[in-house]
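Novice: No letters, just coordinates:
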């Protein structure tokens, strides 16, 4: 089997379509994971056990089952319950939910790192609970957790090929359909690997920068 | 001067509080007159800090009741019945009370000025311009007007504590609680904080409760001293009575120990 540059150039535009979806799914998935993780972390801290315990159970359940199974469930089983989602929406929800249970742990550690005295000072200043979260706790808790969050988003990026299982036309799916159609696997699959490698290496450099920028609490 | 003839601003009636099996406060009662400067002294673990934390609603109580400025602190009237206070009631009650902590607890991500203006702007809707003008007056009063734009990490412990005092005063509370505010300071920084307290003591009619191990300062500052031991008030009297002529053996033993440790009385 020989490497065919002409074939590479021919399939690049199609692969690029996949790249766009892969990046879009990662970005949207990251936003959903960041938001869901925050909600899980805050609800699990609630003194009201009627909400905190079930939330803990749900989070452990999601973390304890494979992402692929969850994607199948969201895309193929939910329609039986009357909820039909487009592949990309289902994929973003799946990624966001799954990684949200991980980012929740990052938030938990970051929030626990804020000194107890800050909560007490906020109360002595008569701030409401929303003001305490938005003005006092999160502004201190978030910067140090940015590198850890970014780490999960890079991990999520490398999991996006799983979305091909629910027919999302991301990079892996495009590459596979090119390969199946042309009976040539080496170029498309190598390009997919190379693309993920390049983005991951760039991300690691970015992550080191984030760690230098935010990795300390004054 | 304390308004001893007016109804008390704080009435503590038979409260108790336990942490697990440890009973910190045991059927404790006392009241405080408006404008009174009260020093709470006693050995560690005697419950004096817990009383301040309960008044600031940082800790609840297991039994008894507390009235602040005529209203029950932890209970409220609802449907003609006395019920546990909700967040809105606690919010209203906290407006009357300010607290300064042993470890300052400044907001490290906000500059000195923002530390002082934050609460009035958020909780009372004071306009930024007015909040900043008032904050500058308070910073002037604690001698830190030139540090308004500094971050807390750039300040010494004594300066941090003075900012914390200004922050608590910004909400114009009727009652100020000082919880061992000089205990975490290097010895040479204690005086600058005590000077601010002294100024407040002379120049305002706020009610102040001071938990301290600075016996000399407590003597000069207070109208009245409560000596605590094991969650109970052992002795309650004028500073001269407590410090010069303590009646109870336990007070005498405590003061003797403190003097032996090098504190002046």
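Specialist: Here it is on my side, so go on. The structure displayed is predicted, hence computed values, not measured ones.

Novice: Just the pLDDT for residue 178.
Specialist: In the absence of a named chain, this looks at chain A. What the model reports as pLDDT for residue A:178 is 93.

Novice: oops, chain B please
Specialist: pLDDT at residue B:178 comes out at 97.

Novice: would it count as being in a helix?
Specialist: No: judged by DSSP: H, G, I helix; E, B strand; the rest coil, residue B:178 forms no part of a helix; its state is strand.

Novice: what about it, neighbour count?
Specialist: By the criterion of other CB atoms under 10 Å in any protein chain shown, residue B:178 has 27 neighbours. (C-beta placed from N, C-alpha, C; glycine too.)

Novice: And for residue B:248?
Specialist: Neighbours of residue B:248 (other CB under 10 Å): 13.

Novice: same thing with residue A:143?
Specialist: For residue A:143, the count of nearby residues is 18 (other CB under 10 Å).

Novice: now it: how far from chain B?
Specialist: Distance, residue A:143 to chain B, by CB to the nearest CB, to the nearest Å: 9 Å.

Novice: ok, and the closest non-adjacent residue to the residue nearest to the spatial centre of chain A?
Specialist: In chain A, the centroid-proximal residue (CA atoms, centre = their mean) is residue A:30; its distance is 3.9 Å. In space, and not counting its chain neighbours, residue A:30 is closest to residue A:153: 4.4 Å by CB to CB, 6 or more residues apart in numbering or on different chains.

Novice: Low-confidence regions, the chain specifically.
Specialist: Went with chain A since none was named. For chain A, the stretches with pLDDT under 70 are A:215-218.

Novice: my bad, chain B
Specialist: B:1, B:262-265.

Novice: Which positions in it make contact with chain A?
Specialist: Residues of chain B lying near chain A by CB under 8 Å from any CB of the partner chain: B:56-58, B:87, B:91, B:94-95, B:97-99, B:101, B:103-109, B:118-119, B:122-123, B:151, B:153, B:167-168, B:171.

Novice: So which of those belong to helices?
Specialist: Those of the residues of chain B next to chain A mapping onto helices are B:87, B:91, B:94, B:118-119, B:122-123, B:167-168, per DSSP state H.

Novice: State the pair within those that is farthest apart.
Specialist: Farthest-apart pair in these is B:87 and B:167; separation 21.9 Å (CB to CB).

Novice: re earlier: pipe the ones in helices among the residues of chain B next to chain A into JSON lines and attach neighbour count per row.
Specialist: Shown next, in JSON lines, are these (neighbours: other CB atoms under 10 Å in any protein chain shown):
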{"residue": "B:87", "neighbour count": "9"}
{"residue": "B:91", "neighbour count": "16"}
{"residue": "B:94", "neighbour count": "23"}
{"residue": "B:118", "neighbour count": "22"}
{"residue": "B:119", "neighbour count": "24"}
{"residue": "B:122", "neighbour count": "19"}
{"residue": "B:123", "neighbour count": "17"}
{"residue": "B:167", "neighbour count": "30"}
{"residue": "B:168", "neighbour count": "24"}
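
Novice: Quick check: of those, which lies closest to residue A:133?
Specialist: When these are compared against residue A:133 (criterion: CB to CB), the nearest one is residue B:122, at 12.4 Å.

Novice: I'd guessed the closest one sits against residue A:131; true?
Specialist: Yes: here residue B:122 reaches residue A:131: they are 5.2 Å apart, a contact under CB atoms under 8 Å.

Novice: Count the neighbours of residue 40 for me.
Specialist: As the question left the chain open, I've gone with chain A. Using other CB under 10 Å, residue A:40 has 24 neighbouring residues.

Novice: nope, chain B
Specialist: Neighbours around residue B:40, by other CB under 10 Å: 27.

Novice: same check, this time on the one 3 residues further on
Specialist: Close neighbours of residue B:43, defined as other CB under 10 Å, add up to 17.

Novice: Same check on residue A:20?
Specialist: Neighbours around residue A:20, by other CB under 10 Å: 12.

Novice: Provide the secondary structure category for it.
Specialist: Assignment for residue A:20 (three-state DSSP): helix.

Novice: ok so residue A:149 is a helix residue?
Specialist: Yes: assessed with three-state DSSP, residue A:149 lies in a helix.

Novice: ok, it - contacts?
Specialist: A:34, A:103, A:106 (CB atoms under 8 Å, 6 or more residues apart in numbering or on different chains).

Novice: Just the element for the last one, please.
Specialist: I take that to be residue A:106. helix A:87-112 (DSSP states H and E).

Novice: how about that helix, does it get close to chain B?
Specialist: No: using CB under 8 Å from any CB, helix A:87-112 never reaches chain B; the gap is at least 13.4 Å.

Novice: tell me which residues in the helix or strand just after that helix are buried?
Specialist: Heading C-terminal from helix A:87-112, the first helix or strand you meet, by DSSP H and E, is helix A:116-124. Neighbour counts over helix A:116-124 (16 or more other CB atoms under 10 Å in any protein chain shown) mark A:118-124 as buried.

Novice: And for stretch A:41-56?
Specialist: Using 16+ other CB under 10 Å as the test for burial, stretch A:41-56 gives A:41-44, A:55.

Novice: Contacts only, for the nearest residue to residue A:88 once chain neighbours are set aside.
Specialist: Among residues not flanking residue A:88 along the chain, residue A:168 sits closest, at 5.5 Å (CB to CB, 6+ apart). Residues counted as contacts of residue A:168 (CB under 8 Å, 6+ apart) are A:21, A:25, A:87-88, A:91.

Novice: ok, and the closest non-adjacent residue to residue 185?
Specialist: If you meant another chain, say so; for now it's chain A. Computed as CB to CB, 6+ apart, the closest residue to residue A:185 that is not its neighbour in sequence is residue A:179, at 4.5 Å.

Novice: that's the other chain; I wanted chain B
Specialist: For residue B:185, the spatially nearest residue (CB to CB, 6+ apart) is residue B:157, at 4.7 Å.

Novice: Regarding the closest residue in space to residue B:212 that isn't next to it in sequence, what is its secondary structure?
Specialist: Of all residues not flanking residue B:212 in the chain, residue B:218 sits nearest, at 5.3 Å (CB to CB, 6+ apart). On the three-state scheme (three-state DSSP), residue B:218 is labelled helix.
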